[in-house]
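Engineer: need a 3D model of the sequence below.
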Amino acid sequence: MAAAIPAGAAPPERVVSMNLCTDQMAMLLAAPGQLVSVSDLASDPRMSPMAEEAGKYQPNYGRAEEIYLMQPDLVIAGQFTSGPSVAMLRRLGIRVEVLPPAEDFQAIRDELALVGEWLGRDEQAATLISQFDTRLATLSTATARGRAALYYANGFTSGPATLAGAIIETAGYDNIAADYGIETTTALPMELLVMAEPDRLVTGAKWPGQSRSEAVLDHPALVHAAPGLAEVTDRDWVCGTPYVLNAIEALQ
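Structural biologist: Modelled structure (predicted):
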């Protein structure tokens, strides 16, 4: 990540975002007319909580050529944005800032503040962080709701040291991944999941016809593994933005 705007420098006037998560940060913080384009994924309601808002902006497909023609003075990309596109834009003299994924609530605060600095919108970022903390405090609960398991395509789960882990912990659940020493995101054999007897099973939304890796989510053992099967909406979970608060609320 790079530095903020130097003292006395004017904020960028034509900003392009190339990543689903930075799209949301930029839409939440940009001044009217400052943001000119967001990624095409931002308009997909299956993965973007700001799909309707994204319709107000010109979409981009992450290609350096199309973004260069938009004449941006700042491009915001994600850590996993196409490296060649980012490199080409920088060779063309365009300022490109890269944001890594936010893996916990503090990272969400830090990244809101950083994007606010990039956009010259520090005050708006501070307000948004304050609103985030107020609602997070309201949703944080001492009520024990039992044990929950996260289970995704290819049999992956997420442990406590992930954003998804923080979401279910704040919602009042103990994460069964911790029983097996899993801290991050990795594979969890279904047998171990079933033997853990979780009170709630949280899976990602399915994308029929897109990948055979989702077939494991239809296994009959999962139906019997937990009485509270919850297929969540990926769009509130996938990015470290204030929308994770919606994911917490949905579990309570």
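
Engineer: so Val75 is in which element?
Structural biologist: Element membership for Val75, per DSSP states H and E: strand 74-78.

Engineer: which helices and strands sit right next to that strand?
Structural biologist: For strand 74-78, the elements it packs on are strand 15-17, helix 20-29, helix 83-91, strand 96-99, helix 105-119, judged by 3 or more CB pairs under 8 Å, 6 or more residues apart in numbering; DSSP states H and E. Every residue, glycine included, has its C-beta placed from N, CA and C.

Engineer: strands paired with the first one, and their directions?
Structural biologist: Its sheet considered, strand 15-17 pairs with strand 35-39 (parallel), strand 74-78 (parallel) by DSSP bridges.

Engineer: same list (those) but as JSON lines, adding mean neighbour count, distance to Tyr57 and mean pLDDT.
Structural biologist: Formatted as JSON lines, these follow (neighbours: other CB atoms under 10 Å; distance: least, CB to CB, whole Å; pLDDT from 0 to 100):
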{"stretch": "strand 35-39", "mean neighbour count": "24", "distance to Tyr57": "5", "mean pLDDT": "98"}
{"stretch": "strand 74-78", "mean neighbour count": "25", "distance to Tyr57": "13", "mean pLDDT": "96"}
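
Engineer: export those to a markdown table and tack on distance to Gln252?
Structural biologist: Below are those laid out as a markdown table (distance: least, CB to CB, whole Å):
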| stretch | distance to Gln252 |
| --- | --- |
| strand 35-39 | 31 |
| strand 74-78 | 29 |
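
Engineer: so which of those strands gets nearest Gly181?
Structural biologist: Relative to Gly181, the nearest member of the strands paired with strand 15-17 by CB to CB is strand 74-78, separated by 29.5 Å.

Engineer: and that closest one, how far out from the chain middle?
Structural biologist: Chain-centre distance of strand 74-78: 16 Å, with CA atoms, centre = their mean, to the nearest Å.

Engineer: low-confidence regions, the stretch 151-252 of the chain specifically.
Structural biologist: Scanning the stretch 151-252 of the chain for pLDDT under 70 picks out 206-211, 227-233.

Engineer: rerun at 50
Structural biologist: When residues are selected by pLDDT under 50, none of them lie in the stretch 151-252 of the chain.

Engineer: quick one, strands of it?
Structural biologist: Taking DSSP state E, counting those that start in this stretch as the criterion, the stretch 151-252 of the chain contains strands spanning 156-158, 173-175, 185-187, 200-203, 228-231.

Engineer: export the ones you listed to TSV and tack on mean neighbour count and distance to Arg95?
Structural biologist: Shown next, in TSV, are the strands of the stretch 151-252 of the chain (neighbours: other CB atoms under 10 Å; distance: least, CB to CB, whole Å):
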stretch	mean neighbour count	distance to Arg95
strand 156-158	22	34
strand 173-175	22	40
strand 185-187	14	32
strand 200-203	22	39
strand 228-231	13	41
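
Engineer: so which of the ones you listed comes closest to Pro100?
Structural biologist: Pro100 lies closest to strand 185-187 among the strands of the stretch 151-252 of the chain, at 15.0 Å (CB to CB).

Engineer: so what does that closest one touch, helix or strand wise?
Structural biologist: When contacts are defined as 3+ CB pairs under 8 Å, 6+ apart, strand 185-187 packs onto strand 156-158.
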